[in-house]
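[1] mind looking at a prediction? Sequence and model below.
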Amino acid sequence: MLKKASIFLLMGVIAMTATACVDNKNGITTPENAENKTISDDYMYDSIFKNSLFVGDSITEGFFNQELIDDTKVIADKGKITVLALETDVNDVVAKNPDHVFMNFGINDLLIRMDLDGKPVTDPIQFSIDHYSAFIQKIKKELPSAHIHILSVTPVTKEALQEYPQYKHIDAYNTKLQALAITEEVEFIDLSSIFEKRSDLHVEDGVHFKADFYKLLLEQLKTSVQ
């Protein structure tokens, strides 16, 4: 019970730190956001990703409201980090029995200051990677035929970097993710090409994304399932 309370407390702290500004600044999770209008009345990519599952934090949570894929294909929460996914999401992923699992964590992990026991975390990147590895291993054990894909942490704007200097370590985190993918024999998907072509995808908070990003993301990811 104490551990469960710690999980929700930690998620709340991270959510307030990293994403509370989303609601206040009309970010991706705010229903009234003009930028959060649906791209299409049809689930354009639902058949392509019919046996896929998207697992992650508030970036992945942004798939809700887009009407690109069915919400049942998304397991995501604001403030989610790898250590929490390891504690709370394994059974949910296994129950879905997907052929492909796309994982996107890290944007909150870089802000970690303490573990579930309240002890200081001195190396947030390694702390996150260790739990990311454990999460992948559990999914592979339960779903040995599933294809796992880990997505690079998306960039933030200069303004977001000024507000949260920890984001200067995004590149270092992605380098560790690439190494993790090799070790765990899963696919690493570098999303940087999306932002090389488009510099107008962030909402005002500089961390989360407009609707256009999610279509561009699925366009890139579909090559992994076809």
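    Okay, I see it.

[2] next SSE after the least confident helix or strand in the chain by mean pLDDT?
    The least trusted helix or strand in the chain, going by mean pLDDT, DSSP states H and E, turns out to be helix 20-24, with a mean of 37. For helix 20-24, the succeeding helix or strand toward the C-terminus, using DSSP states H and E, is strand 52-56.

[3] would you mark the buried spots in that following strand?
    Buried residues in strand 52-56, counted by 16 or more other CB atoms under 10 Å: S52, L53, F54, V55, G56. For glycine as for every other residue, the C-beta is placed from the backbone atoms N, C-alpha and C.

[4] which of those residues sit farthest apart?
    Spatially, the most separated pair among the buried residues of strand 52-56 is S52 and G56, at 12.9 Å (CB to CB).

[5] pull up the overlap in contacts between these two.
    F102 (CB atoms under 8 Å, 6 or more residues apart in numbering).

[6] residues contacting V93?
    The contact partners of V93, taken as CB under 8 Å, 6+ apart, are L53, V55, I75, V101, I139, E142, L143.

[7] narrow those residues to those in strands?
    Counted as lying in strands by DSSP state E, out of those, are L53, V55, I75, V101.

[8] could I get the full set of helices for this protein?
    2-14, 20-24, 58-61, 82-88, 90-96, 124-142, 158-163, 170-184, 192-197, 211-221 (DSSP state H).

[9] of all those helices, which one is nearest M114?
    M114 sits nearest to helix 2-14 of all these, at 7.2 Å, using CB to CB.

[10] give the rounded mean pLDDT of the closest one.
    For helix 2-14, mean pLDDT rounds to 48.

[11] same deal with stretch 79-86?
    Stretch 79-86 shows a mean pLDDT of 97.

[12] can you check stretch 128-142 too?
    Confidence over stretch 128-142 (mean pLDDT, whole number) is 98.
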